[in-house]
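Student: Predicted structure and sequence below. I'll ask about it afterward.
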Amino acid sequence: MADADAAQGLRRADAAVARGRERACAVLTADCLPVLLCDDAGSVVGAAHAGWRGLAAGVLEATVARMAVAPARLRAWLGPAIGAQAFEVGDEVRAAFVADDPVAAAAFTPGREAGKWMADLERLARRRLYRAGVVRVAGGGVCTVSTPERFYSYRRDGVTGRFASLIWLQPR
């Protein structure tokens, strides 16, 4: 995770947090889920790149912790990502989530063949945020794979660009 207030130059990370005015947090995605966060007081913002690996590793929980405010004072927004009807994963992905949280099994439905699952990345992110204490979550519901006129999709196209999701604190 990068802290934009302490950064001297750009760093690559799965998440960033900023407390200073006129500093932006950005996340680049094609099918992974961008998650933007802010607190009610307008004192801190965060952005996380929430692909399945990052979600399973706790990127959202780490971002919430780094924001250093009560999670109940945070709001989250979920951007466009690969939808549950298009995101087929193996048993190992499902196991990575269910081992830590048996309720996460509800985010998986049987895939087209044995050992495959259709994963609901958005539902997994909402569950992770809820467990971290962030209950006000908006956005989501837009599939990058099924909307080629609007979004890049690595799963759909094989080679692709990225789109940016940004959040910042306005100058006073």
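Tutor: Noted; the coordinates are in hand.

Student: Across the sheet, point out what pairs with the spatially most central residue of the chain.
Tutor: For the chain, the residue nearest the mean C-alpha position is residue 50 (3.1 Å; Cα atoms, centre = their mean). Bridge pairing for residue 50 (DSSP bridges) gives the partners residue 33.

Student: ok, now which ones touch it?
Tutor: 32, 33, 34, 35, 59, 60, 81, 121, 125 (Cβ atoms under 8 Å, 6 or more residues apart in numbering). C-beta coordinates here come from the backbone N, C-alpha and C atoms, glycine included.

Student: how many neighbours does the last one have?
Tutor: Using other Cβ atoms under 10 Å as the criterion, residue 125 is surrounded by 25 other residues.

Student: Mind telling me what element it is part of?
Tutor: If you go by DSSP states H and E, residue 125 is part of helix 121-131.

Student: how far does that helix sit from the chain's center?
Tutor: 9 Å (Cα atoms, centre = their mean, to the nearest Å).

Student: Nearest residue to residue 22 in space, please, no chain neighbours.
Tutor: residue 171 (5.4 Å; Cβ to Cβ, 6 or more residues apart in numbering).

Student: so that neighbour sits right up against residue 23, yeah?
Tutor: No. Counting by Cβ atoms under 8 Å, residue 171 stays clear of residue 23, with 10.4 Å between them.
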